[in-house]
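A.B. asks: Okay, here's the prediction I keep looking at, along with the sequence it came from:
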Amino acid sequence: QKGIRVQCQIPFYVATKLAKLRRSFTVPTADEYVWLAMRWIGQSGTVSPFWAHALQGWVMNTFPAAVVESGVMSMHAGIRKRGLKKDAKIAAEGKKN
């Protein structure tokens with residue numbers, strides 16, 4: 001009615017210095033993602049501009065939510081565990097010096 005469109009873009013992993021990920025088959029560079037994302041501006045709804053991310057989203061939507069949530073939670077718990085281990089190692093090295 002007011003001419004306002006709302007869009008939600010859903011990226012999965014994007015290769016950035018902060019994420020410490022490298023470009024791969026399923027991981028675009030930030031520039032690649034932005035170029036694709038700009039092409040989707042004006043579309044309504046939820047979109048995944050990078051084709052591999054769209055495929056990943058589609059696959060995830062075919063499974064029951066509990067299965068997907070369990071897998072995502074497990075993945076993030078592993079990332080957190082490694083991060084805490086790294087922090088403990090850095091703290092221990094700081095106490096030695």
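C.D. replies: Right, received. Where do you want to start?
A.B. asks: contacts and neighbour counts: CA atoms only from here.
C.D. replies: Noted.
A.B. asks: Break down this protein into its helices, ranges please.
C.D. replies: Per DSSP state H, the chain carries helices over the ranges 30-39, 51-62, 65-96.
A.B. asks: Throw these into CSV and include mean pLDDT, thanks.
C.D. replies: Shown next, in CSV, are the helices of the chain (pLDDT from 0 to 100):
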stretch, mean pLDDT
helix 30-39, 93
helix 51-62, 92
helix 65-96, 91
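A.B. asks: Dump these to TSV, plus distance to residue 1 and mean neighbour count.
C.D. replies: Below are the helices of the chain laid out as TSV (distance: least, Cα to Cα, whole Å; neighbours: other Cα atoms under 10 Å):
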stretch	distance to residue 1	mean neighbour count
helix 30-39	24	14
helix 51-62	29	14
helix 65-96	34	11
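A.B. asks: Make CSV out of those helices and add distance to residue 21.
C.D. replies: CSV is the format used below for those (distance: least, Cα to Cα, whole Å):
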stretch, distance to residue 21
helix 30-39, 11
helix 51-62, 15
helix 65-96, 14
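A.B. asks: Compare the ones you listed and report which one is nearest to residue 15.
C.D. replies: helix 30-39 (6.1 Å; Cα to Cα).
A.B. asks: Counting by contacts, list what that closest one packs against.
C.D. replies: With contacts defined as 3 or more Cα pairs under 8 Å, 6 or more residues apart in numbering; DSSP states H and E, there are no secondary structure elements packing on helix 30-39.
A.B. asks: got the CA positions of stretch 22-37 in PDB?
C.D. replies: The C-alpha trace of stretch 22-37 is given here as PDB (Å, rounded to 0.1, in the frame of the first residue of the first chain):
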ATOM      1  CA  ARG A  22      38.500 -19.100   2.300                       C
ATOM      2  CA  ARG A  23      36.500 -19.000  -0.800                       C
ATOM      3  CA  SER A  24      35.200 -22.400  -1.800                       C
ATOM      4  CA  PHE A  25      32.400 -24.100  -3.800                       C
ATOM      5  CA  THR A  26      29.900 -23.200  -1.100                       C
ATOM      6  CA  VAL A  27      31.600 -20.100   0.400                       C
ATOM      7  CA  PRO A  28      31.600 -16.900  -1.800                       C
ATOM      8  CA  THR A  29      33.900 -13.900  -1.200                       C
ATOM      9  CA  ALA A  30      32.300 -10.800   0.400                       C
ATOM     10  CA  ASP A  31      32.500  -9.100  -3.000                       C
ATOM     11  CA  GLU A  32      30.800 -12.000  -4.800                       C
ATOM     12  CA  TYR A  33      28.000 -12.100  -2.200                       C
ATOM     13  CA  VAL A  34      27.400  -8.300  -2.300                       C
ATOM     14  CA  TRP A  35      27.200  -8.400  -6.100                       C
ATOM     15  CA  LEU A  36      24.600 -11.200  -6.000                       C
ATOM     16  CA  ALA A  37      22.700  -9.600  -3.100                       C
END
